[in-house]
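**Q** okay, here's the prediction I keep looking at, along with the sequence it came from:
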Amino acid sequence: MLVFVDESGDPGMRQKRGSSELFIIAAVIFVENDDAEACDLKIDELRQRCFGNTTTEFKFNKCCRAYRLAFLQGMVEREFLYLAFVLNKEKLFGPGFQEKDSFYKFTSKLLFENAKPYLSDASVTIDGSGNREFRRQLQSYLKRKINTESETIRKVKIEASHGNNLLQLADMVCGAVARSFRDGKADRFHYRKVIGGKELKVIFWPKN
C-alpha cells in the first residue's frame, strides 16, 4: 500500500496578516502498487498532452482551469482513494495553536487517526517541497506510529514533488479540496466533484 501526502495553507492564525483561512492536509491512497504505476504512467501522458514536455510539474495553484480538469478527469478511471482533513483556523482557540510545531503535530495526528482504518503496511511519501516544519512534524509523528503500530505504517520518506507524479496527484487533490471551501469562486465545486468517487472522507474541523 502506498500513501502520498500534501498540504495547503499555513499555520498562521487569522489575526496574522496574510495567513490562510484554512489548513488542509490530504492523503492519496493506493491499495495496490500496480494501480500506482498505472496512475504514474497516465500522469506522464497528461503532462505531454497539456504541456508538450516531460518536465513541467502539475501544481493546482499554477494550472489553469482547463489543465486542472484535464488532469483530474484523466485520473477518474485509475484506482486510488483519498482522505483530507480541513482545519478551520477561525474556530481555533488556545495557546497551542499559536505554535507551529504543536499546530502541525495536531493536524498530522488527526489526519492519520482518521486514515488508520484504511491503512495496512503502508509506505508513506511526504511532499518535500512543502513547509519544512510541517514535514518534520509529520515524519516524526508517523515514525513514532511505526514503532507502536507497525501493521499500519511500514515506512516514511520525503521526496521532491517535481520528480514524483503521485505527489503531484496529492497536490492536485489537495488543491481541489481547498478550492471547494473558497466562497466566491465560481469553480469552487468543479474539481472536487470530478473526483468525488475517490473520496473516502473530508473532515472539516471544528464545525462550530
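**A** Here it is on my side, so go on.
**Q** all strands for this protein, in order.
**A** According to DSSP state E, the chain carries its strands in the segments 2-8, 22-30, 81-88, 122-127, 153-159, 199-205.
**Q** and Leu166, which of those is closest to it?
**A** strand 2-8 (4.7 Å; Cβ to Cβ). In short, each C-beta sits where N, CA and C put it, glycine included.
**Q** and Val124, bridged to which residues?
**A** Beta bridges link Val124 to Val3, Val156, judged by DSSP bridges.
**Q** quick one, what contacts it?
**A** Val3, Phe4, Val5, Leu142, Ile153, Lys155, Val156, Lys157 (Cβ atoms under 8 Å, 6 or more residues apart in numbering).
**Q** and stretch 152-168, what's buried?
**A** Thr152, Ile153, Val156, Ile158, Ser161, Asn164, Asn165, Leu166, Leu167, Gln168 (16 or more other Cβ atoms under 10 Å).
**Q** er, stretch 112-123 I mean
**A** Buried, per 16+ other Cβ under 10 Å, within stretch 112-123: Phe112, Asn114, Ala115, Tyr118, Leu119, Ala122, Ser123.
**Q** quick one: it to chain centroid distance?
**A** For stretch 112-123, the distance from its own C-alpha centre to the chain's C-alpha centre is 14 Å (Cα atoms, centre = their mean, to the nearest Å).
**Q** Lys143 and Lys155 touch, don't they?
**A** No - judged on Cβ atoms under 8 Å, Lys143 makes no contact with Lys155 at a distance of 9.5 Å.
**Q** what helices or strands is the helix or strand of the chain with the lowest mean pLDDT leaning on?
**A** Every helix and strand of the chain was ranked by mean pLDDT, DSSP states H and E. The lowest is helix 132-148, at a mean of 74. Under the contact definition 3 or more Cβ pairs under 8 Å, 6 or more residues apart in numbering; DSSP states H and E, helix 132-148 sits against helix 100-115, strand 122-127, strand 153-159.
**Q** got any ranges where this protein has weak pLDDT?
**A** 11-18, 93-99, 101, 130-131, 146-147, 149-150, 208 (pLDDT under 70).
**Q** centre-most residue in it?
**A** Residue closest to the average C-alpha location in the chain (Cα atoms, centre = their mean): Ala26, at 2.7 Å.
**Q** now the buried residues of stretch 112-123 in TSV, with distance to Phe181?
**A** Formatted as TSV, these follow (distance: Cβ to Cβ, whole Å):
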residue	distance to Phe181
Phe112	21
Asn114	17
Ala115	20
Tyr118	23
Leu119	25
Ala122	27
Ser123	29
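**Q** check these and tell me the two furthest apart.
**A** Asn114 and Ser123 (19.0 Å).
**Q** which ones are touching Asn165?
**A** Cys39, Asp40, Ile43, Asp44, Phe58.
**Q** with Ile29 instead?
**A** Contacts of Ile29 (Cβ under 8 Å, 6+ apart): Met1, Leu2, Val3, Phe80, Leu81, Tyr82, Leu83, Ala115, Tyr118, Leu119, Ala122, Leu200.
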